[in-house]
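Engineer: No sequence on hand, only this structure:
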Ligand code: ZN
């Protein structure tokens, strides 16, 4: 199973990190060892600035290569939430040198995944939000994505064969921020709480 992520897919978030709005999707991967086990996220010792990024996730239900955008909907049945934990200090350092981000994005536990919900049960415009210690810190809607789910599947499948069980992270809306010890992070899809994590 692989995890494919898109960066800068919400213009307000691209702006908050002083990035340009991309005209092609910005893609990176996390290894399967990044999947967080359990409900405790342990801050890694190599970073002093780990950020939460709440994102809609998509589970691939049928593999494929060169999937056309018009057919992409046949390749996923379920949508969930994920947190793309990011060592922002390390990422900034790597970015400034023009180096790949993987160490900052793909470390153990950096991909928190919720259960998945059948997409038929969700509206076309999917609302989601992250609460940190009970306060709303991120709020997004799938309609605000620069590249939609179908477009992203079509794009990445030109480069990577998609397999059943692969997961796509679809980008984070504005409001990313630092995780502190003992923070409680709760992710809501619509009004349903799908994620509840404690930072250790
Ligand atoms: Zn992200």
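Structural biologist: Okay, I see it. Everything numeric in this text was worked out from a predicted model, so none of it was measured.
Engineer: Which positions in this protein make contact with the ion?
Structural biologist: Counting by CB under 5 Å from the ion, the chain comes close to the ion at 53, 84, 172. (Glycine included, C-beta is placed from N, CA and C.)
Engineer: can you put these in JSON lines and add neighbour count and pLDDT?
Structural biologist: Listed next are those as JSON lines, based on neighbours: other CB atoms under 10 Å; pLDDT from 0 to 100:
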{"residue": "53", "neighbour count": "23", "pLDDT": "98"}
{"residue": "84", "neighbour count": "27", "pLDDT": "98"}
{"residue": "172", "neighbour count": "27", "pLDDT": "96"}
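Engineer: Out of the residues you listed, list just those in strands.
Structural biologist: Among the residues of the chain next to the ion, DSSP state E puts residue 84 in strands.
Engineer: how far away is the residue of the chain found nearest the ion from residue 67?
Structural biologist: Proximity of the chain to the ion (CB to the ion) peaks at residue 84, 3.4 Å away. Distance of residue 84 to residue 67, computed by CB to CB, to the nearest Å: 23 Å.
Engineer: and what of residue 106?
Structural biologist: 24 Å.
Engineer: So those two - more neighbours on which side?
Structural biologist: More neighbours surround residue 67 than the other of residue 106 and residue 67, with 23 against 20 (other CB atoms under 10 Å).
Engineer: any idea of the pLDDT on the closest residue to that one other than its chain neighbours?
Structural biologist: Leaving aside its chain neighbours, residue 67 sits nearest to residue 157 (4.3 Å; criterion: CB to CB, 6 or more residues apart in numbering). Looking at residue 157, its pLDDT is 98.
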